[in-house]
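A.B. asks: Take this sequence and fold it.
(one chain, ligands or ions: 1)
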Amino acid sequence: MPADVPCSRIAPSPTGPLHLGNACTFLVNWALARNLGWRLVLRIEDLDQDRARAAGDTGTEESLRWLGIDHDGEVVRQSERLDSFARAMERLAAAGLIYESPHSRAEVREAAAALGAPHADDAPVRFPASLRPPPGPAWSFTRRDVNHRLRIDPGTITVHDRVAGEHAFDPGAREGDCIVWTKSGFPSYQLAVTVDDIAQGVTDVVRGDDLLSSAALQSIIHRALGAEPPRWWHLPLICEADGARMAKRHGALALSELRAQGVDAGRVRGLAAQWIGAIAAPRPLAPDAFRALVTEPILRAWHVGTRSASPCLDERSLQWLHDS
Ligand code: GLU
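C.D. replies: Numbers count the residues shown, from 1 in each chain. Just a heads-up that it's a prediction; the model follows:
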């Protein structure tokens, strides 16, 4: 495949089985890739080994196959790419952008409070620049067993999202310098995802809009590594019947369970098509029929519609999945 072919990726973390919200996001990602002639790679983001081990076999690849989602090339596992992440850290160190940051969370909070910055309970604590070490040996990547931060100066980053529209963020002013390497010897999510998106030639990132603000930070890391950020397509999230965001860690209904119960994957695709607003009532859909319904205007209208109500897995949808 020539290098100038656009590329997207499906990047699940095996910290729990996939749920219907993941199914909807991944189906749309797959449909866009196949409609627009992108390459589509599968990357298993398994750096959180403790949580992945605790989750056991999540059946992620089987669930994707069951949904009719295929991908191009070999599956990439982040746990096998530690050397690449370390090389990216060396590059950031050579540019004078990272430093060792041994401070505990409590120390960071205390130093932020000492600056008198007002702090809402749900806002992230801004890492105070006063805790940056002076120029010297700490601005390096010689030890893998200490947290490292990337210097992020204040400044507005505008994310031009193909689905969610334009959003301005200021990660330097809001969170300050971010952790890119942890003392457990692994890169942070933000670093690993960016290094891999660059390495895999990803031009189009399609994912849930809980990661919209991360796009600003990841754009900074892309540029620090000498690459242009990808195009972003952040999709609305699906809710549970009570309006809570569907999440693995809150025990969302697993696709593997639906499959074991004999649910037809065509019904999952039909429900996803209804959730994105492509059809008014669900009907079983073959993969290609689902794919034909996914267009940019549909995705934008879905996003606008979720300002008043988000699609959710209510009793009727559940019942419909199990009808046959
Ligand atoms: N692995 C992340 C997750 O499962 C997604 C990362 C991304 O799409 O950037 O939440």
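A.B. asks: remind me which residues of the protein are low pLDDT?
C.D. replies: Counting by pLDDT under 70, the ranges of the chain that qualify are 1-3, 117-122.
A.B. asks: contacting residues around L235?
C.D. replies: For L235, the contact set (C-beta atoms under 8 Å, 6 or more residues apart in numbering) comprises C24, T25, V28, V163, V206, R207, G208, D209, L299, W302, H303. Where C-beta positions appear, they are placed from N, C-alpha and C, glycine not excepted.
A.B. asks: anything in the strand or helix carrying the second one near the ligand?
C.D. replies: When you say that, I think you mean T25. Using DSSP states H and E, T25 sits in helix 20-36. No. Helix 20-36 lies apart from the ligand when judged by C-beta under 6 Å from any ligand atom; the minimum separation is 7.8 Å.
A.B. asks: May I have the secondary structure class of A138?
C.D. replies: coil (DSSP: H, G, I helix; E, B strand; the rest coil).
A.B. asks: Count the neighbours of it for me.
C.D. replies: Applying other C-beta atoms under 10 Å, we find 17 residues neighbouring A138.
A.B. asks: measure it to the ligand for me?
C.D. replies: 29 Å (C-beta to the nearest ligand atom, to the nearest Å).
A.B. asks: Identify the residue spatially nearest to that residue, adjacent ones excluded.
C.D. replies: Spatially, and ignoring its direct neighbours in sequence, A138 is nearest to E100 (4.5 Å; C-beta to C-beta, 6 or more residues apart in numbering).
A.B. asks: Please apply the same query to G305.
C.D. replies: That would be G277: by C-beta to C-beta, 6+ apart, it lies 5.9 Å from G305.
A.B. asks: ditto for P287
C.D. replies: Nearest residue to P287, sequence neighbours excluded (C-beta to C-beta, 6+ apart): G68, at 3.5 Å.
A.B. asks: OK, contacts around the one you found?
C.D. replies: G68 sits next to W30, A265, R269, A286, P287, F290 when contact means C-beta under 8 Å, 6+ apart.
A.B. asks: what's the helix or strand for the residue nearest to G305?
C.D. replies: Assigned by DSSP H and E, G277 falls within no helix or strand.
A.B. asks: That one: neighbour count?
C.D. replies: Residues within reach of G277, counting by other C-beta under 10 Å, total 18.
A.B. asks: Can you tell me the number of residues neighbouring the closest residue to the ligand within the stretch 51-200 of the chain?
C.D. replies: Closest contact between the stretch 51-200 of the chain and the ligand, by C-beta to the nearest ligand atom, is at V193 (4.6 Å). Counted by other C-beta under 10 Å, the residues lying close to V193 total 24.
A.B. asks: From the ligand, how far out is the nearest residue to it once chain neighbours are set aside?
C.D. replies: Distances taken as C-beta to C-beta, 6+ apart place Q218 nearest to V193, at 6.6 Å, with adjacent residues excluded. Counting by C-beta to the nearest ligand atom, the gap from Q218 to the ligand is 8 Å.
A.B. asks: Check whether Q218 really touches T194, as I assumed.
C.D. replies: Yes. Under the criterion of C-beta atoms under 8 Å, Q218 makes contact with T194 at 5.0 Å.
A.B. asks: which of those two has more neighbours?
C.D. replies: Ranked by neighbour count (other C-beta under 10 Å), Q218 and T194 place T194 first, with 29 against 24.
A.B. asks: Wasn't the more buried one part of a strand?
C.D. replies: No. T194 is assigned helix when assessed by three-state DSSP, not a strand.
A.B. asks: what's the burial count for W232?
C.D. replies: As a burial measure, W232 scores 24 neighbours (other C-beta under 10 Å).
A.B. asks: element containing it?
C.D. replies: Per DSSP H and E: strand 231-235 holds W232.
A.B. asks: Run the chain-centre distance for that strand.
C.D. replies: 10 Å (C-alpha atoms, centre = their mean, to the nearest Å).
A.B. asks: So which other helices or strands are in contact with the helix or strand just after it?
C.D. replies: Going down the chain from strand 231-235, the next helix or strand is strand 239-240, by DSSP H and E. For strand 239-240, the packing partners by 3 or more C-beta pairs under 8 Å, 6 or more residues apart in numbering; DSSP states H and E come out as strand 312-313.
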